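Predicted model and sequence below, questions to follow.
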There are 2 protein chains.
Amino acid sequence: MTDSRIRPAVADDWPKIWPFFATIVAEGETYAYPDDLTPAQARDLWMERPPGLTVVLEEDGRVLGTAKMGPNRPGRGDHVGTASFMVDPAAGGRGVGRALATYAVDWHREHGYAGIQFNAVVETNHAAVHLWRALGFEIVGTVPGAFRSATHGRVGLHVMYLPLG
Amino acid sequence: MTDSRIRPAVADDWPKIWPFFATIVAEGETYAYPDDLTPAQARDLWMERPPGLTVVLEEDGRVLGTAKMGPNRPGRGDHVGTASFMVDPAAGGRGVGRALATYAVDWHREHGYAGIQFNAVVETNHAAVHLWRALGFEIVGTVPGAFRSATHGRVGLHVMYLPLG
């Protein structure tokens, strides 16, 4: 299952991540992040420290996508993981998201997590919902109208969960 | 609905909150907080800044409980609120939790929030689940086994939601 294009992110990767990170947040369809993040704030938010991990998928020197992963909660909740993904829209439709998601699932399993929880999957982000379902995630529930989509208005946020055997 | 015992928390309240805050986290039944929080870290976690708010319920100079409230997510999710509550176990059974919860619901309604989401209600915390239901919250879904209860082992975490009209 190892994809040789995926490796841990280093500080020098951030300038390659930031342009598409900013584009994706500005599109307003997938992430409830502050809309006035500086590059430094976004870097602190995205670049995980242990026990978490941030990775990039790089091809021919170009970063096509990134994922971060680690415990969803501290303390008595740290046996369940979570993950977030950003794929350069210019690299869409090439399986980058699936490769990163597969990496994240494998990473959590290898590190002994009991499962992976996504806290806020925008219900109109059909490509993501479809991919998570294909990987075995189920919708635990949907908080109605909890996300203001730029094009669809108030839409629900799914909580999704994948148990790891 | 105003309860005159409840007021915004000030810095001098923290030394009165910390003892029962620490007791509640150490009991391991209700909060997935880091188990090695210093008093200063716990203070930073609990004492909200605008647009959030932290309040205390004080009686005869004694702080019996505290609540924090504010947006559950930033950016395109900041129209849904959230809240957390701590009641001194020595003051249990006197309606302190209900008074603080009622305050939090009113506060969110007055500030124009569309609803209130609880992200992680421990399913074996029956008193809390009963109270939230009595206030109109519904269980959106339950993440199985996501909390390691000190006495019950792995139990579910409810996501609960109350729409505000």
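On my side now, so go ahead.

in stretch A:153-161, what counts as buried?
A:155, A:156, A:157, A:158, A:159, A:160, A:161 (16 or more other C-beta atoms under 10 Å in any protein chain shown). Quick note: C-beta positions are derived from backbone N, CA and C, even for glycine.

what's the closest non-adjacent residue to the closest residue to chain B within chain A?
Of all residues in chain A, the one sitting closest to chain B is residue A:141 (2.3 Å; C-beta to the nearest C-beta). Distance criterion C-beta to C-beta, 6 or more residues apart in numbering or on different chains; nearest residue to residue A:141, sequence neighbours excluded, is residue B:141 at 2.3 Å.

Surely that neighbour is within a strand?
Yes: counting by DSSP: H, G, I helix; E, B strand; the rest coil, residue B:141 is located in a strand.

Check what pLDDT it gets.
On pLDDT, residue B:141 comes in at 98.

what does chain A have sitting close to chain B?
Chain A comes close to chain B at residues A:25, A:28, A:31-35, A:72-80, A:114-115, A:117, A:119-120, A:139-150, A:154, A:157, A:159, A:161, A:163, as judged by C-beta under 8 Å from any C-beta of the partner chain.

Drop everything from those that is not in helices and list the rest.
Of the positions in the residues of chain A next to chain B, residue A:25 sit in helices, assigned by DSSP state H.

Which PyMOL command selects the buried ones in the residues of chain A next to chain B?
Selection of the buried residues among the residues of chain A next to chain B in PyMOL, burial being defined by 16+ other C-beta under 10 Å:
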select buried, chain A and resi 25+28+31+32+33+34+72+73+75+76+77+78+79+80+114+115+117+119+120+139+140+141+142+143+144+145+146+147+148+149+157+159+161
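
Filter the residues of chain A next to chain B down to just the ones in strands.
A:80, A:115, A:117, A:119-120, A:139-149, A:154, A:157, A:159, A:161, A:163 (DSSP state E).

Quick check: bridge partners of residue A:142?
With DSSP bridges as the criterion, residue A:142 is bridged to residue A:158.

contacting residues around it?
A:123, A:156, A:157, A:158, A:159, B:140, B:141 (C-beta atoms under 8 Å, 6 or more residues apart in numbering or on different chains).

Could you tell me how far it is located from residue B:154?
To residue B:154, residue A:142 is 24 Å away according to C-beta to C-beta, to the nearest Å.

same thing with residue A:94?
Residue A:94 sits at a distance of 39 Å from residue B:154 (criterion: C-beta to C-beta).
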